[in-house]
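A.B. asks: give me the fold of what follows.
(2 chains)
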Amino acid sequence: MYREFRRFLASKQNAQTPEHRRIDPLRCRLVAKNRKGNVELAVEVLDGDFDHGTRSLVHVVNEVFLVFLRDGVYRDYMMDVWELDPDSDRF
Amino acid sequence: MSNEVETEETRPVEPLTRRRFLVANVAGATVLATAAVDQALAAKGGAIEIPSIRIPPETVESLATAPAEAKFEGRGMSGAEVFARACRLENLAAMFCCPGNYTVINAIAQEGIPSYGGRTEGSMCAMADGFSRATGEVVAASGTEGPGFAHMIMSVAGAYFARTPLLVLASNMTFAGEDREAEIQHMLQQPTTVGIKKYGKRLIAPDRVHEYAGRAFRHLKSGIPGPVHIDFTAEVSRARFNDPGKLKDFFSKEQYRSDSRPSATPREVQQVAEMIDKAQRPLIVAGQGVFQRKAWDALRAVAEKNEVAVVDTGPTKGHFGDGHRLSAHMAFPAMLSADLVVFIGQYCMPSPGEYQFNPDVKVISVLPVQEELGQNWPLDLGVVSDEKLFLEALADTIRVRKRDSWVAELAAGRAAFEKQNVDFYKLGLGYSTRTNALHPAVIGHEVHEFFFNGKIDPKQTGCASGGWTAGIWGNRWLRAFRPGQETVPTYQFGIIGGDIPQALGMSLATQRGVGPQAPYKGAPVLCFTSDSNASYGLFELDTASKYRIPLIIVLYNNDCWGTLGSSDRVPQAHHLHLYQENLRYDKMAEGLGARGAYVRTPQELRAALDAAYKAAVSNNACTLINCQGKKEFTAPGLFPPGMPPMIEPGRGALMH
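C.D. replies: Modelled structure (predicted):
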């Protein structure tokens, strides 16, 4: 799952993502760390624009929940960690 | 495929046919259908004829009988007849019932309002809901006092959360006898529908029966629709009137309600036009208000003039159309790019985080009632207006504009969805080949190729999908290219088992060519459902056969509830979610007078769809195709991904 997560984050910074949703590598950089199964996601601001960096991070987190975690293979994870009801359609 | 399907082109209805079965020469012997038992009985010798299933001639005669008008003269009009007359003058589109509430349903049928009687109140209520979802028209469902009414509740709730203009009628015993428990079936109905109705009233004053008909239709035809629950005590339904002057508020509909609609001010319309024009990637969420107010032409005009993306939402799909270049209905990643969202007629509002939008998106909402604006989602602008009037005004106001990059992004989003579907299909095909069972992605693909990408006009076939596994997988392959082409039976309330009856209601609307179904009058309708949902609605195949409703049911049979995964780590509870395996729903369909087919491979499914379609077109036959699947297909560890992603809004969404 972590490998897929990193791949998802990388996609946010590549040319296949439309420019208006892309993380500009000249302005900030996403940093993910895995500490014994606890994953940390941070943004490193490169151009001093902390407002833009924070907004970018919020957008990525939004997409983590709305896109990445909607994959059916994370159904158990969503129930266990986020306590989603099995009848929820948020898988 | 079973031999029956390969050899039986159409189900005989008239004239009657008979099949001989050998049975014991004992009068009144039990009829047994299995070959083994037949053989045993044959050994004893003798034969009697077992009549074929048939539609009784009385049904045919009854349906052909002309309406009769009750009159105040002579015997007078009953309270039920006064109410039924008001229903006819309000153009009530249809009434669905199980017998009970006799005086009212008889009066409605007598008035000439299309009426249908079936096997369970819950299913007939769902059928009414399906008819309305496919047309936007007001419909009625009726059940008998107490038990029949109680059976309707799940479907009434489903209609409430779908904002269906459903007139729920139910009888009651006498008001005078209620607290003596005189006779049977007493029940206080109105408290039971608290929270699932727009308006309700128990009628106890006979002279006010017409007044309450007026109140009912005022609520059914104004603002945001919802079920109206009227229960008739016997004192009201059986009362007799020789003089209309004895009825309170006996006004015409022009006097007891108004068709006047709220509309936005020119300044508000201008403000919305400017906000859309200022946005780079605007998106209209066209809710069911757009469908119910038949505002699809104005919606298209707005979208095309300024190149605004559109996603249609709600219990009915197609009011914008999946085939349009501006459709975002399947362009999921693109929706994250929208910088302005205009909700129009979105009666069930999501909360931020439920829809796939970005957190900075600006939001406008247009609703016909003020009190709902701002509910759940903070707005940048709220507008009170009838959806159609608003869209027509906006189409006149908004400027012509091209948005090439936005249109390209939408196209890329739709292409990505289609590619994902193809990938799922290839994966499913591999699983099917390995297991000799049909994966739902394979069923979905075959259904898509037959109805939406083959010889049949893709706009023709109305469709509905439901069930957890079947609905979520299957819906990805359905398409809605025109208003009312698709309904979502499980929408919002998650009604269980409503699929088949709702699709039957949709099919009846198509048979009669009501509203948006008119261009495809008489065409078959498709229902993609599951074995679990069949538990509730399957008996209505008798109703389908009785009324000659050409519904094609593709049933995904995976031997379990879709909830099976919830017991993965609780072996003690596993059996709660399981059925017997390899059940023959196709045989049950045949036993109820419909056609049945049993399939395990894509080739067999293709042949069964072809035979079902031909029988539907040539003989109005209803067919159930039992697609044998495998319960393990939903286990992501064994057959990844188990289930496909579900995203709101757009194709496959069950909520909001």
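
A.B. asks: what parts of the stretch 451-600 of chain B come near chain A?
C.D. replies: B:I472, B:G494, B:T563, B:G565, B:S566, B:D568 (Cβ under 8 Å from any Cβ of the partner chain). Any C-beta I mention is one placed from the backbone N, CA and C, and that applies to glycine too.

A.B. asks: I figured the first one was touching B:M646, is that so?
C.D. replies: Yes - contact between B:I472 and B:M646 holds when scored by Cβ atoms under 8 Å: they sit 6.0 Å apart.

A.B. asks: neighbour count for these two, which is higher?
C.D. replies: Neighbour tally, B:I472 and B:M646, criterion other Cβ atoms under 10 Å in any protein chain shown: the higher count belongs to B:I472, 24 against 21.

A.B. asks: sorry, back to before: and of the residues of the stretch 451-600 of chain B next to chain A, the nearest to B:L188?
C.D. replies: B:G494 (26.8 Å; Cβ to Cβ).

A.B. asks: now list the buried members of the residues of the stretch 451-600 of chain B next to chain A.
C.D. replies: When these are checked for burial by 16 or more other Cβ atoms under 10 Å in any protein chain shown, the buried set is B:I472, B:G494, B:T563, B:G565, B:S566.

A.B. asks: check the secondary structure at the first one for me.
C.D. replies: Translated: B:I472. helix (DSSP: H, G, I helix; E, B strand; the rest coil).

A.B. asks: give me every residue that touches it.
C.D. replies: A:D89, B:M643, B:P644, B:M646, B:G652, B:L654 (Cβ atoms under 8 Å, 6 or more residues apart in numbering or on different chains).

A.B. asks: find the nearest non-adjacent residue to the fifth one, please.
C.D. replies: It refers to B:G652. B:N475 (4.7 Å; Cβ to Cβ, 6 or more residues apart in numbering or on different chains).

A.B. asks: distance of that neighbour from B:M646?
C.D. replies: B:N475 sits 9 Å away from B:M646, going by Cβ to Cβ, to the nearest Å.

A.B. asks: same question for B:Q485.
C.D. replies: Applying Cβ to Cβ to B:Q485 and B:M646 gives a distance of 21 Å.

A.B. asks: now do A:L66
C.D. replies: 11 Å.

A.B. asks: next: B:F131.
C.D. replies: 27 Å.

A.B. asks: contact residues of the stretch 151-300 of chain B facing chain A?
C.D. replies: B:Q280, B:R281.

A.B. asks: all strands for the stretch 151-300 of chain B, in order.
C.D. replies: Along the stretch 151-300 of chain B, counting by DSSP state E, counting those that start in this stretch, strands occupy B:166-171, B:199-203, B:228-232, B:240-241, B:282-286.

A.B. asks: looking at those strands, which is closest to B:A309?
C.D. replies: Once the strands of the stretch 151-300 of chain B are compared by Cβ to Cβ, strand B:282-286 is nearest, at 4.5 Å.

A.B. asks: ok, the closest one: who's next to it in the sheet?
C.D. replies: Using DSSP bridges, the strands paired with strand B:282-286 are strand B:309-312 (parallel), strand B:340-344 (parallel).

A.B. asks: B:L605 against B:C627, yeah?
C.D. replies: Yes - when contacts are counted by Cβ under 8 Å, B:L605 is listed as touching B:C627 (6.4 Å).

A.B. asks: list residues touching both of these two?
C.D. replies: With Cβ under 8 Å, 6+ apart as the test, B:L605 and B:C627 both reach B:L438, B:I443, B:V599.

A.B. asks: could those be laid out in a markdown table, adding secondary structure and neighbour count?
C.D. replies: Putting the shared contacts of B:L605 and B:C627 into a markdown table (DSSP: H, G, I helix; E, B strand; the rest coil; neighbours: other Cβ atoms under 10 Å in any protein chain shown) gives the following:
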| residue | secondary structure | neighbour count |
| --- | --- | --- |
| B:L438 | coil | 27 |
| B:I443 | helix | 27 |
| B:V599 | strand | 25 |
